[in-house]
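In: Whatever this is, show me its structure:
(chains A and B)
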Amino acid sequence: MKNGKRRINKLLVCLAVCGLGGLSALSAGLVAAKEQPGDKQRADIVSIDEMRTYGPLTQPKVVFLHDKHTAALGKQKDFYKKECGTCHQSSKEGTMYLGFMRDDTPMTVEALRDTFHTNCIGCHMTMAAAGQKTGPKDVQCKGCHNGTPDVTSNWQPITVDKRLHFRHAATQERSENKCGACHHVYDDVAAKTVPVKKEDQVPGSCAYCHGEATTTVAGRKPEKIRSLRLAAHGECVTCHRATAAAAKDAPTGPSTCAGCHGPLDQKAIAETSLKRVPADADLRIKRGQPDLVMVRPEATEKPVMGADGKPVAVRNMPPVPFDHKYHEAKSETCVACHHGALGSCSAACHTVSGAKEGNYVPLAQAMHATDATRSCAGCHAKEQQRPECAGCHSHMKKGVGDNAACASCHVTPTGELAQAEVTLLAKPKGKDTEAAAAELAGKLLAAKRDVTATFPAEDIPETVTIGSLSKDYDPSILPHRAIVQSMLAGMKDSKLAGAFHEGDAAVCQGCHHMSPASKTPPRCGNCHPAVETPGQSRPALKAAFHTQCMGCHTAMGIEGKVVSKDAGAKPVPKATDCTGCHKEKKH
Amino acid sequence: MKRRHFLGLLGATGLSLTAGVSKARASSAADVTGLPNVGGVLFDATRCIGCRKCEAACNQVNELPKPAKPFDDLTVLETRRRTDAKTYTVVNKYLPEAGKPPVFRKIQCNHCLEPACASACFVHAFKKTESGAVVYDPSVCVGCRYCIVACPFNIPTYEYDKALTPRVMKCTMCYPRLLEGKLPGCVEACPKEALVFGKRRELLNIAWDRIGANPGRYVEHVYGEREMGGTSWIYMAPKPSFAALGMDEHLGTASAPELTSGALAAVPAVAGVWPVLLTGLYAISKRKEKIAEEEKKAAVEAAIAKASADAEAKLAEELGKAEVANKRRIEVEVKKALEAAAKQAEGGEDA
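Out: The predicted structure is shown next:
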């Protein structure tokens, strides 16, 4: 009985505490709502959950809003004295540590916890004592350890695109060591990282050395290579702040979270870049790369010896003529393709049979994988998702559709060029073959179309009447020629489309699929039965028509929209608008 | 009856119950392996456009009452609907991802391979047929509506508005049409072959082929392949999930009979064994009572007999004693009389 009473008391206390907590949370919520109306999407969310490396968390992680804190501190009178040092310690050399109020030496779990508790609550208390608006200062865990925060992240990674790179380079134009302002390399002799001295020393993208996590290289000094996150924040933000501090109103980059990672700010950066960078500026980042190449395996692989002890001639796929310069213009960074290092993909990493350096991804897979945007086929498949392309391509196989398509890239040269290729392939890849390779690639690519073309307009039927199944509805009259012309208009600026839509009948195959490309393709009913038969995977005629038309309209996003620029043009019928395509029969 | 005897008997009952259970499970599994060519329908949510042609066809071929709003009124899709006594099938609209086009799902009886409704029905009004259809026989139905409760998909409904001949109403997979070699009404009406009728195993192949041929488009799962022991109506959905289309992803793979046969198999056992057992228990205890009663009676009789015998003996003794006393008294009196007579005679002589 006594025990029962005690339990009831406990329950009551619990309920009371919960109730109070709930009330206080409610009031806190109201205050927060007043402070930042509609600011629920933020790019400055830092999740404080470092304790998880020591074991399961006993409290929900703290959702810390970095910009909110820097903004509040910025208003403080004495902030200029300490600036970032208010929360971040620095090394003797002056490098700021990104952890809160500590250096990068390992800590015990208790010490780490106390660092946060003492400093966060301590600062809040001090501010409250001074009568300033501040964060939670009591010992109620929920004030900071809020499991259900009312903010969501809209953080996006920032890409230093070619224009942004150009702008950064422009600021260093007058300095002696332009590239060295940002790009550094490890120097064995000095046993530290030093700025690069010349353009050709730049190792490329930061990501080549600074991986996702901090790496440790034994014997190197310093042993640690910062993660990309630490390196980028350490270098970019520090430089932006230093520039700002050096002179009043000096133009500089953002130092808030949202400044780089907020979607709106990113849009603003892109707009400024368009304005600031002259239209005729050469944005190409020159790293000694070729304009044209013949993509082929390195000849450094171990030769296969025949029974007679002589090396066996190795037959590879015909090399791919590749316009490197054009592809550069189509992507914003080198890393978009050269994800691990600059240089030939097949040299060390993606060898024909795969190597450890390339994670055993062989050359063929590295070029044809459709699930990686850095591969040829993967990037092209991504391009096919554009609305103008998606109408046909969303229903087609991604990547190399069938082996007839191999020759689109692996061009087989004819005549004189065939001889030139034999001569080229006889020599291993190297500096001395570059010129010959570029010349051959140029000639082979010249035979490719730049723009998609099809049959002359008069050969394209103006309308096609679909009526073989007509029962409840009148036949549908398809504006065939207008559709073809509209499709071609959509791809007139795409060199990719031009190069790959080989032959005049290629675009016809978007609808007239599964049969040889022809000016006079077979009727749909040749393959699609009029009546649905059980268990048949090929759709019957009615479904084939509907799937083809509606599938394309939906994928292109033109359903219910007016596409034609003709006066009085009707919108493309919605999928459920039956009479939009065929009138209902009057019985 | 002793406690130990009662527990012993209870244990025996338990054994008889478990024996009954395993038997029931074996018979339900045989039903499925017996239908390798079972028919089914494949629904592909990526193809459905929400035109409600299937609903209209279903209404027409099954001669169901006309709905309040016509079938070409697509505003009804704005509300989440379910099957009812006048509607065998409904199409609902879902928005799995904000800013992306809606996805539609058709709802009707899934025609389970091992139907929960059939396993719950004690008059065998439901039957799984080789065609795939789970058919209902209203002539034997007693209206208990256990089937409605049993269905994991909440499909069967009841004609509550019929006073005299209410029926359980659910999709029949157009069983009468299947017998005529026709397709189910909805399948025939679908303009996009979002519904395909065929042998279930062929449909599974088609489904997995589509998933393989379109990487990234579908959830890599065919709903109904294993759910509740497998259903004849199977589903494909676009990413992210089936749950986004209001489908229960946690039904498990055990069929309803498998889950319930234990309890349900206990019903005949309870109905058959328990009366015998309880009657037996009653009889045994009754018999013991009777014996005790008889023994008691005998004892009482014996006691009574003994008591009366004792009394008689005592009486006889007393009587005997009294007789002796009387005799003696008579003898004494006779002696006295003789002595007095003798005295008188002597005195007379004297006198």
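
In: Stretch A:88-100: which residues count as buried?
Out: Neighbour counts over stretch A:88-100 (16 or more other C-beta atoms under 10 Å in any protein chain shown) mark A:88, A:96-97, A:99-100 as buried. (C-beta placed from N, C-alpha, C; glycine too.)

In: Let's see it as CSV, backbone CA atoms only.
Out: Taking C-alpha atoms only, stretch A:88-100 is exported to CSV below (Å, rounded to 0.1, in the frame of the first residue of the first chain):
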residue,chain,number,x,y,z
HIS,A,88,36.9,29.2,-31.3
GLN,A,89,40.4,28.8,-30.0
SER,A,90,43.4,29.2,-32.2
SER,A,91,46.8,27.5,-32.5
LYS,A,92,50.0,29.2,-31.8
GLU,A,93,50.4,29.8,-35.5
GLY,A,94,47.1,31.5,-35.5
THR,A,95,45.1,28.7,-37.2
MET,A,96,41.6,28.7,-35.8
TYR,A,97,40.2,25.3,-34.6
LEU,A,98,36.7,24.6,-35.8
GLY,A,99,35.6,22.8,-32.7
PHE,A,100,33.8,24.8,-30.0
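
In: outside of it, which residues touch it?
Out: A:48, A:84-85, A:87, A:101-104, A:115-116, A:119, A:230, A:233-234, A:238 (C-beta atoms under 8 Å, 6 or more residues apart in numbering or on different chains).

In: So, low pLDDT: which residues of the chain?
Out: Defaulting to chain A. A:1-38, A:139, A:299-301, A:587 (pLDDT under 70).

In: Chain B was what I was after
Out: Using pLDDT under 70, chain B drops low at B:1-34, B:261-262, B:264-269, B:345-351.

In: residues from it in reach of chain A?
Out: By C-beta under 8 Å from any C-beta of the partner chain, the residues of chain B that approach chain A are B:39, B:47, B:49-51, B:74, B:101, B:183, B:187-188, B:190-193, B:196-199, B:202-203, B:206, B:209, B:213, B:215.

In: now, which of those residues lie within helices?
Out: Applying DSSP state H to these, the entries found in helices are B:187-188, B:202-203, B:206, B:209, B:213.

In: Neighbours of the residue lying closest to residue A:562 once chain neighbours are set aside, how many?
Out: Spatially, and ignoring its direct neighbours in sequence, residue A:562 is nearest to residue A:571 (4.8 Å; C-beta to C-beta, 6 or more residues apart in numbering or on different chains). By other C-beta atoms under 10 Å in any protein chain shown, the residues close to residue A:571 number 14.

In: burial measure for residue 248, as a count.
Out: Using chain A here. Other residues near residue A:248 come to 6 when the count uses other C-beta under 10 Å.

In: hm, I was asking about chain B
Out: Neighbourhood size, residue B:248 [other C-beta under 10 Å]: 14.

In: The closest residue to chain B within chain A is in what secondary structure piece?
Out: Closest to chain B within chain A is residue A:535: 2.8 Å, counting by C-beta to the nearest C-beta. Under DSSP states H and E, no helix or strand contains residue A:535.

In: now do residue A:441
Out: In this structure, residue A:441 sits in helix A:431-446 according to DSSP H and E.

In: Quickly run through the sheet partners of the helix or strand following that helix, with directions.
Out: Downstream of helix A:431-446, the next assigned helix or strand under DSSP H and E is strand A:464-466. Partners of strand A:464-466 in the sheet, by DSSP bridges, are strand A:476-478 (antiparallel).

In: so how far is the partner strand off the chain centroid?
Out: How far strand A:476-478 lies from its chain's middle: 41 Å, per C-alpha atoms, centre = their mean, to the nearest Å.

In: So which elements touch the longest helix seen in chain B?
Out: Secondary structure assigned by DSSP H gives helix B:256-350 as the longest helix of chain B. Applying 3 or more C-beta pairs under 8 Å, 6 or more residues apart in numbering or on different chains; DSSP states H and E, one finds that helix B:256-350 contacts helix B:3-33, helix B:116-120.

In: who's in contact with residue B:116?
Out: Residue B:116 touches B:147, B:150-152, B:228, B:255-257, B:260, counting by C-beta under 8 Å, 6+ apart.

In: quick one: it from chain A, how far?
Out: In this view, residue B:116 and chain A are 26 Å apart by C-beta to the nearest C-beta, to the nearest Å.

In: With adjacent residues omitted, what lies nearest to that residue?
Out: Nearest to residue B:116 is residue B:256, by C-beta to C-beta, 6+ apart, at 3.1 Å.

In: partners of the residue nearest to the residue of chain A closest to chain B when sequence neighbours are not counted in the sheet?
Out: In space, residue A:535 comes closest to residue B:198 once its chain neighbours are excluded; the distance is 2.8 Å by C-beta to C-beta, 6+ apart. Applying DSSP bridges to residue B:198 yields these beta-bridge partners: residue B:40.

In: ok, for whichever residue of the stretch 1-150 of chain B sits closest to chain A, nearest residue in space, not its chain neighbours?
Out: With C-beta to the nearest C-beta as the measure, residue B:49 is the residue of the stretch 1-150 of chain B nearest to chain A, at 4.1 Å. Nearest residue to residue B:49 in three dimensions, chain neighbours excluded: residue A:575, at 4.1 Å (C-beta to C-beta, 6+ apart).

In: need the contact list for the one you found.
Out: Residue A:575 neighbours (C-beta under 8 Å, 6+ apart): A:550, A:553-554, A:559, B:49, B:51.

In: ok, now with 7 Å
Out: Neighbour list for residue A:575: A:550, A:554, A:559, B:49 [criterion: C-beta atoms under 7 Å, 6 or more residues apart in numbering or on different chains].

In: now swap in residue A:209 and tell me
Out: A:203, A:225.

In: Please tell me how far it sits from residue A:358.
Out: Residue A:209 sits 18 Å away from residue A:358, going by C-beta to C-beta, to the nearest Å.

In: quick revisit: closest to residue B:328 out of the contacts of residue A:575?
Out: Relative to residue B:328, the closest of these is residue B:49; by C-beta to C-beta it sits at 134.1 Å.

In: what about the closest one, neighbour count?
Out: Neighbour tally, residue B:49, other C-beta under 10 Å: 21.

In: list the contacts for the closest residue to residue B:183 other than its chain neighbours?
Out: Leaving aside its sequence neighbours, residue B:183 sits nearest to residue B:197 (C-beta to C-beta, 6+ apart; 5.2 Å). By C-beta under 7 Å, 6+ apart, residue B:197 lies in contact with A:534, B:39, B:41, B:183-184, B:187.

In: on that earlier part again, between the contacts of residue A:575, which sits nearest residue A:57?
Out: residue A:554 (44.5 Å).
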